[in-house]
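1. Here's my sequence, what's the structure:
(chains A and B)
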There are 2 protein chains.
Amino acid sequence: MTSVTAFAPATVSNVGCGFDVLGFALESPGDEVEARFAPAGVVIEDITGDGGRLPREAARNTASVAVLALLTKLGERRGVALRIRKGLPLSSGLGGSAASAAAAVVAVDALIGARSSIDTLIACALEGERLGAGSAHADNIAPSICGGFVLVRRPSPPDVLRLPVPMGLTAVVVHPDLEIETAGARALLGDTVPLADAVRQWANMGALVDGLHRGDFALIGRALEDTIAEPRRAALIPGLALIKRAAVGAGALGCSISGSGPSLFALCAGAGVASRVADAMVESVRAAIGGDPQVYVSSLEARGARVVSTCAS
Amino acid sequence: MTSVTAFAPATVSNVGCGFDVLGFALESPGDEVEARFAPAGVVIEDITGDGGRLPREAARNTASVAVLALLTKLGERRGVALRIRKGLPLSSGLGGSAASAAAAVVAVDALIGARSSIDTLIACALEGERLGAGSAHADNIAPSICGGFVLVRRPSPPDVLRLPVPMGLTAVVVHPDLEIETAGARALLGDTVPLADAVRQWANMGALVDGLHRGDFALIGRALEDTIAEPRRAALIPGLALIKRAAVGAGALGCSISGSGPSLFALCAGAGVASRVADAMVESVRAAIGGDPQVYVSSLEARGARVVSTCAS
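-> Below is the predicted model of the structure:
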């Protein structure tokens, strides 16, 4: 029986001034989903790498809900069985539920041979994300599927813009030994924000996109400021101000929270700087939080979700 | 005695998603300020074109306050006398106070021969704008001085980005026979905004800057949406929804309020479309508001404030 396995990468969302609308893909880590046909509906055969914590019930799992949306969209009557291998730490702020949903729709789309559009894949994966995150933002889904650095102008129907990435722009991501639940972190924001903070956020957003187009690293650094989410979530991450200072002190253009945290990202002009920034961030995370932080360094030109193997047996 | 006269153009600020941070210059109309040395301090000798409504007292006039800031900055002990010719209608939403301040600082800077930086001219003109608008945003001052389409990442100290303008991008501005006071229009906004509206605003801001860089007129059109100021100020302009529909129906990429109104602007892909859009907007403004609206059509590559004559007598 044919099976298709797809990989989808971790993603950094929010990215400073881009709360709910900006995200970029990492080269690794990521999730893998293996799909094969089954009698009817969607079943989850197995999940590894989650310590038994993710729901196996199809109606409650982000990957299977996304696949069900795709099957419905395609009018596909065959069922699908999924095996999920989590490479991403849970509740890390690196788009874990998005990566599983993205890998699942890409695997199943290839299994069926449907060659769905990127917009269709995003829209279906977003159905899974809605379950995982409690609301439907595509700032993890879209970069996990498309790769690179993306701006989600509208999540539904998807209006996703692929932003240019200046040569050498490199991300450092440090995942401290903490867990933050997305729903709780979102509740900290409230439903309204001061107009003055919002004005600064959209000024920075325009400046960041301008900086990416011009390859102006200094401007990218000035624009990597979050006046909305970071100040309201700072208390979730002990020592955040110190860690940010360590990153910038080691040469980072800027540093902020990835998604709703606890992971932190920094953007750097080149791999050499990124390596020094990674060391500085790990050291300051160890000092402030303890434990054994994980660190990832990745070009911002990372590829999106893709089929990694097809087996006919 | 030497006198220097400078012209500074009208400007469209806010520009849809760019409340308080985006603005562009028009080719015309504009204000002219003539400056010559005087015994001490700053005096206003004359103002024409304002129907006698602007303050002649130097401490209360936007142009003289801006000039005083420049003289102080330069350590200039000589005084200056100003003659102001308003080419801009008052309270029109076209940056009238900014144009007078911009023309005044450019004229006086040339009179002194100081060759101040753009940032210095913006910072000093902003002191005048603070008086006129009740708060210091540079989204009229910066384009009136620099020309073109600008993003004010920070007003103070100025961090002003000149955005690229795709070939053919053309503005239509219609000034209905209404007056709206900036302070009242600002009060309608309140101090907080819904987070969901703000997220859409910065998504559109990123998309607009991306569209300008790519020369993607369709994207520019989609991004010309204002979820913050326009919905809260719509009631100030009778028939706003109809006028917007008329503009887009005639081919405009988008249409919104200029500054705090009542002027309306539309962006168009080319002068031919702009001409049809101008006709449609004037007709619908006449139907909705009556009176005799003024209309201006301008490339978005309009020049900024400049010396137009120097007289030695």
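2. What ranges does chain A have for its strands?
-> For chain A, the strands defined by DSSP state E cover A:3-13, A:22-38, A:42-48, A:79-85, A:149-154, A:159-163, A:169-175, A:192-194, A:254-257, A:264-269, A:294-299, A:306-311.
3. Just send those back as TSV, with mean pLDDT too.
-> As requested, the strands of chain A are arranged in TSV below (pLDDT from 0 to 100):
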stretch	mean pLDDT
strand A:3-13	98
strand A:22-38	97
strand A:42-48	96
strand A:79-85	98
strand A:149-154	97
strand A:159-163	98
strand A:169-175	98
strand A:192-194	96
strand A:254-257	98
strand A:264-269	98
strand A:294-299	97
strand A:306-311	96
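4. Kindly reformat these as TSV containing distance to residue A:220.
-> C-beta coordinates here come from the backbone N, C-alpha and C atoms, glycine included. Listed next are those as TSV, based on distance: least, Cβ to Cβ, whole Å:
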stretch	distance to residue A:220
strand A:3-13	14
strand A:22-38	12
strand A:42-48	38
strand A:79-85	34
strand A:149-154	11
strand A:159-163	11
strand A:169-175	8
strand A:192-194	24
strand A:254-257	7
strand A:264-269	7
strand A:294-299	15
strand A:306-311	28
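5. how about these in TSV, adding mean neighbour count and distance to residue B:307?
-> Listed next are these as TSV, based on neighbours: other Cβ atoms under 10 Å in any protein chain shown; distance: least, Cβ to Cβ, whole Å:
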stretch	mean neighbour count	distance to residue B:307
strand A:3-13	27	49
strand A:22-38	24	43
strand A:42-48	17	72
strand A:79-85	22	69
strand A:149-154	26	41
strand A:159-163	20	40
strand A:169-175	25	42
strand A:192-194	18	41
strand A:254-257	25	40
strand A:264-269	27	40
strand A:294-299	18	49
strand A:306-311	14	59
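6. Make TSV out of those strands and add distance to chain B.
-> TSV is the format used below for the strands of chain A (distance: least, Cβ to the nearest Cβ, whole Å):
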stretch	distance to chain B
strand A:3-13	12
strand A:22-38	7
strand A:42-48	31
strand A:79-85	30
strand A:149-154	4
strand A:159-163	5
strand A:169-175	16
strand A:192-194	4
strand A:254-257	14
strand A:264-269	16
strand A:294-299	21
strand A:306-311	25
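7. Can you tell me which of the ones you listed is nearest to residue B:186?
-> Nearest of these to residue B:186, taken as Cβ to Cβ: strand A:192-194 at 14.5 Å.
8. Show me what that closest one is packed against.
-> Helices and strands touching strand A:192-194, by 3 or more Cβ pairs under 8 Å, 6 or more residues apart in numbering or on different chains; DSSP states H and E, are strand B:192-194, helix B:195-214.
9. What lies in contact with it?
-> Strand A:192-194 is contacted by residues A:228, B:191-195, B:198 when judged by Cβ atoms under 8 Å, 6 or more residues apart in numbering or on different chains.
10. which one of these sits closest to residue B:35?
-> Closest to residue B:35, out of all of those and judged by Cβ to Cβ, is residue B:191, at 38.6 Å.
11. Does that closest one touch residue A:195 like I think?
-> Yes: the pair residue B:191 / residue A:195 is scored as a contact, 5.9 Å apart, by Cβ atoms under 8 Å.
12. which of these two has more neighbours?
-> Neighbour count, other Cβ atoms under 10 Å in any protein chain shown: between residue B:191 and residue A:195, residue A:195 has more, with 19 against 9.
13. Now for residue A:166, how many residues are close by?
-> 17.
14. So what sits opposite the nearest residue to residue A:271 once chain neighbours are set aside in the bridge?
-> The shortest distance from residue A:271 to any non-neighbouring residue, by Cβ to Cβ, 6 or more residues apart in numbering or on different chains, is to residue A:170 (5.4 Å). Taking DSSP bridges as the rule, residue A:170 bridges to residue A:268, residue A:299.
15. can you check the one 4 residues further on too?
-> When bridges are called by DSSP bridges, residue A:174 pairs up with residue A:264, residue A:295.
16. Go ahead and confirm it touches residue A:279.
-> No: Residue A:174 lies out of contact with residue A:279 (Cβ under 8 Å); the separation is 10.3 Å.
17. Contacts only, for the residue nearest to residue A:94 when sequence neighbours are not counted.
-> Closest residue in space to residue A:94, ignoring its immediate chain neighbours: residue A:10 at 4.1 Å, by Cβ to Cβ, 6+ apart. Contacts for residue A:10 (Cβ under 8 Å, 6+ apart) come out as A:25-26, A:28-30, A:88, A:94-96, A:99, A:144, A:173, A:296.
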